[in-house]
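Visitor: below is the sequence, then the predicted model.
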2 protein chains.
Amino acid sequence: MEKKPEPDQKKVKVKLEDFGKGITTEIKAVKNPSFKVTTRTRSNIIYDKKAGFLRLGGNTEDHSFINISQSKRFMQTVAIAAKCHSFLEQNLHTSIRGLFYQLKYSLGDEIDENLFNEQTESNPLIEDLEVALSARRESLNLNANRKGVLVGNMRVIDKFGDGAEIDMSKMGRSGWSIPSDVDNDIEFTDIKAKYVLVVEKDALWVRLNEDGFWKKENCILMSTIGQAARGARRMIRKFADMGLPIYVFNDGDVWGWYIYWTIKTGSMNLAYIGRDIATPEARFLGVTISDLERYDFLKSMTMKATEFDLKRAQEMLNYPWINQHKEWVDELKLVIKTKLKLEQDSLQGPRLTFVDDYIKEKINGKLYLP
Amino acid sequence: MEKKPEPDQKKVKVKLEDFGKGITTEIKAVKNPSFKVTTRTRSNIIYDKKAGFLRLGGNTEDHSFINISQSKRFMQTVAIAAKCHSFLEQNLHTSIRGLFYQLKYSLGDEIDENLFNEQTESNPLIEDLEVALSARRESLNLNANRKGVLVGNMRVIDKFGDGAEIDMSKMGRSGWSIPSDVDNDIEFTDIKAKYVLVVEKDALWVRLNEDGFWKKENCILMSTIGQAARGARRMIRKFADMGLPIYVFNDGDVWGWYIYWTIKTGSMNLAYIGRDIATPEARFLGVTISDLERYDFLKSMTMKATEFDLKRAQEMLNYPWINQHKEWVDELKLVIKTKLKLEQDSLQGPRLTFVDDYIKEKINGKLYLP
């Protein structure tokens, strides 16, 4: 059921070796060693309207060793590549902070300088390497921060350690923590769910899990717990690749919208891994200010939008990926007109389980935004 | 194996009913209805030196209905009590934000006022109720934010939903998410671990989990993922009640110390639930600045302490629960003298698995701080 379009660790190890061989071949041929990376500056980030996500354009730059402004950076990138290769050989992972500490050493008694002094030096070079190799850092055995939880009728076979098979329908009140890497040495099987519900706040996830919402509806119930981490975004992409509809249930405010659009179209920061973590198929269930016309009780649940909310709503109207949708233009204009916002928690106002009914009504009535 | 010193939901439901009956009895007797709460102001927070944690002193205050300054607050507290009682009757939970939205309604057509306008009004009244009833909010079916993860040789029987039995030794790369409530409808069985290792950062937890540290050492490997949530602090207390030694492995900086002391002695904010979430038995494994004398490579791993770090270190020397320990006085004075700090991530400097050896050396050599 699961597609595997991405290079896995084995392929990435070979890519790292080829990267190293390329450099040593150039040195042996008395050439200036260099490698090519796709530029990640704002001017090379494009919204691919047809595909529906942010990705890098065609601009590239050469990084070469014999170049005063690039020489240190070149050496540092090679050092990062060597470390990642050794992590893959050892079959061990670390964080980008762990990698930094492995590289924070003196260049020797005669050179009064460290290879790296600050993590802000190593972070962009990790991205260089990801782009140069067309490999996500997760396959370089670098863990990103993980966040997010899910439960539902499916199983996870985690080949790490004992190769535990974990039943996502027997996770009690806790749910399964979505790891940093959902591609390597992990499988998702027996997926019987009909759709995926992604919830912004863990408190609402806990509420819906208690109601057995995912059992009654046969869905996968997931929370990003605020802004979605790389692993959670990748997980959503994978679910969409399996053909499952993705519904996102967030606050009706700047932060809720931002989380949604990050899931859907990706983000500027991660445009370099484009489609891998963007899910243009996602739909926004709410909460929306237009819900006020649908549910009378919500009128006493509103909050005043801040100046920041209103400013951002206005800015969002300028984004091509948003203003191509009339429904979003209407919603954002309504926010600006009414100066109101709504939290998903407020759906518990009439009774705790009302939130379940709201979601079902929105999905069944196709009352979501694109 | 597990002690159950705390009132569970059933007892709390009876307490709420008695609370209501007390008030109605007074009204029927044409008396001014009132209830007593222990004062939670700073002046009534004491460090219990013998027991080793922060708790409330003996000062109490009466909250009564017929008192201009207290009447609204009294009514609001009763409304909260009624809501919590209905949550217990329905066997449903919500967050304190969900509770707030259930209470954010107009008092009627003739009174142009809401029962509650802001959550800052309801939060302290929930604490009033917890104190008045000697019950934690978790047993009032109010979920706190959950954070933290664990793995190890033990099982959790989560009576919620299907009553799933979850094997903590088969959680793969993810671990078990520690829920808000680790007391009601949940059991911890088959605990074969010898001790509990509490790790500040999830990245280090992931690292140690990958190494199978908990299998080799037969320990419970837990992360608070930064500051410990109520559920995680309660879980640590419960492990200590089971007789398991608790070792805390944090950064050697202000934040790491703060997380440790919150686990150990509790905090000002939560002094009203005192022993329930304090673990004076906890020990601080490190990282410490005194480690610099023990591990030579750490000298290139240090960071400069900020002014804030140094100011806090100085302040900590004034806390009676800290300055009673010579080891802590020495450590803090060393920080102030060297102006250095160290992160736990830096233990990966020589090799990724060095962190495992560090922890074992610290425990086996009893090289921890009290």
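Guide: Yep, that arrived.

Visitor: around chain B, which positions in the stretch 151-300 of chain A sit nearby?
Guide: A:156, A:158, A:160-162, A:164, A:166, A:169-181, A:186, A:202-203, A:206-207, A:210-212, A:300 (Cβ under 8 Å from any Cβ of the partner chain). Glycine gets a C-beta too; all of them are placed from N, C-alpha and C.

Visitor: buried subset of those residues?
Guide: Among these, the ones that count as buried by 16 or more other Cβ atoms under 10 Å in any protein chain shown are A:156, A:158, A:160-161, A:164, A:166, A:169, A:171-181, A:186, A:202-203, A:206-207, A:210-211.

Visitor: restricted to helices, list these.
Guide: Residues from those lying in helices, with DSSP state H as the criterion: A:202-203, A:206-207, A:210.

Visitor: show me which of the residues you listed is closest to B:Lys72.
Guide: When these are compared for distance to B:Lys72 (Cβ to Cβ), A:Ala203 wins out at 26.8 Å.

Visitor: so what's the closest residue to the closest one other than its chain neighbours up against?
Guide: Computed as Cβ to Cβ, 6 or more residues apart in numbering or on different chains, the closest residue to A:Ala203 that is not its neighbour in sequence is B:Ser95, at 3.9 Å. Counting by Cβ atoms under 8 Å, 6 or more residues apart in numbering or on different chains, B:Ser95 makes contact with A:203, A:206-207, A:345, B:142-145.

Visitor: and B:Ser95, backbone torsions?
Guide: Here is the backbone geometry of B:Ser95 (degrees, to the nearest 10): phi -90, psi 170.

Visitor: hey, what's it bridged with?
Guide: B:Asn143 (DSSP bridges).

Visitor: just the pLDDT for it.
Guide: pLDDT, B:Ser95: 97.

Visitor: how far away is it from A:Lys15?
Guide: When distance is defined by Cβ to Cβ, to the nearest Å, B:Ser95 is 46 Å away from A:Lys15.

Visitor: before we move on, what about A:Gly52?
Guide: A:Gly52 is 28 Å from A:Lys15, by Cβ to Cβ.

Visitor: now A:Leu125
Guide: Distance of A:Leu125 to A:Lys15, given as Cβ to Cβ: 16 Å.

Visitor: how close does the residue of the stretch 201-350 of chain A found nearest chain B sit to A:Lys192?
Guide: Closest approach between the stretch 201-350 of chain A and chain B, counting by Cβ to the nearest Cβ: A:Ala203, at 3.9 Å. As judged by Cβ to Cβ, A:Ala203 and A:Lys192 stand 27 Å apart.

Visitor: and what of A:Asn59?
Guide: Separation of A:Asn59 from A:Lys192 (Cβ to Cβ): 45 Å.

Visitor: doesn't A:Gln314 lie inside a helix?
Guide: Yes. Counting by DSSP: H, G, I helix; E, B strand; the rest coil, one finds A:Gln314 located in a helix.

Visitor: hang on, it packs against A:Ile336?
Guide: Yes. Using Cβ atoms under 8 Å, A:Gln314 is in contact with A:Ile336, at 6.4 Å.

Visitor: of the two, who's got more company?
Guide: Neighbours were counted for A:Gln314 and for A:Ile336 using other Cβ atoms under 10 Å in any protein chain shown; A:Ile336 has more, 16 against 13.

Visitor: what is the neighbour count of the residue nearest to the more buried one when sequence neighbours are not counted?
Guide: Spatial nearest neighbour of A:Ile336, chain neighbours left out: A:Ala313 (5.3 Å); criterion: Cβ to Cβ, 6+ apart. By other Cβ under 10 Å, the residues close to A:Ala313 number 22.

Visitor: now do the host helix or strand of A:Leu99 against helix B:202-210, angle only.
Guide: Assigned by DSSP states H and E, A:Leu99 falls within helix A:96-103. For helix A:96-103 against helix B:202-210, the angle by axes from the mean of the first three to the mean of the last three Cα atoms, to 10 degrees is 80 degrees.

Visitor: what packs against helix A:96-103?
Guide: helix A:71-90, helix A:119-133, helix B:202-210 (3 or more Cβ pairs under 8 Å, 6 or more residues apart in numbering or on different chains; DSSP states H and E).

Visitor: nearest residue to A:Ser300 in space, please, no chain neighbours.
Guide: Setting aside the residues directly before and after it, A:Ser300 is nearest to B:Tyr105 in space (Cβ to Cβ, 6+ apart), at 5.8 Å.

Visitor: and that neighbour, what does it touch?
Guide: A:300, A:349, B:114-115.

Visitor: recalculate using a threshold of 10 Å.
Guide: By Cβ atoms under 10 Å, 6 or more residues apart in numbering or on different chains, the residues touching B:Tyr105 are A:297, A:300-301, A:349-350, B:79, B:114-116.

Visitor: same check, this time on A:Phe116
Guide: Listed by Cβ under 10 Å, 6+ apart, the contact set of A:Phe116 reads A:76, A:79-80, A:99-105, A:122, A:125.

Visitor: measure it to B:Tyr358 for me?
Guide: Noted for A:Phe116: a distance of 22 Å to B:Tyr358, by Cβ to Cβ.

Visitor: picking that back up, show me which of the contacts of B:Tyr105 are buried.
Guide: Buried, going by 16+ other Cβ under 10 Å: A:301, A:349-350, B:79, B:115-116, out of those.

Visitor: tabulate those residues (CSV), appending secondary structure.
Guide: Below are the buried ones among the contacts of B:Tyr105 laid out as CSV (three-state DSSP):
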residue, secondary structure
A:Met301, coil
A:Gly349, coil
A:Pro350, coil
B:Ala79, helix
B:Leu115, coil
B:Phe116, coil
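
Visitor: quick check: the two most widely separated of those?
Guide: Within the buried ones among the contacts of B:Tyr105, two members stand farthest from each other by Cβ to Cβ: A:Met301 and B:Ala79, at 16.7 Å.

Visitor: any idea how far A:Thr60 lies from B:Ser174?
Guide: For A:Thr60 relative to B:Ser174 (Cβ to Cβ), the value is 38 Å.

Visitor: which residues touch the nearest residue to A:Ser43 once chain neighbours are set aside?
Guide: Once flanking residues are discounted, A:Ser43 sits nearest to A:Asn59: 7.4 Å by Cβ to Cβ, 6+ apart. A:Asn59 sits next to A:38-41, A:43-44 when contact means Cβ under 10 Å, 6+ apart.

Visitor: thank you, goodbye.
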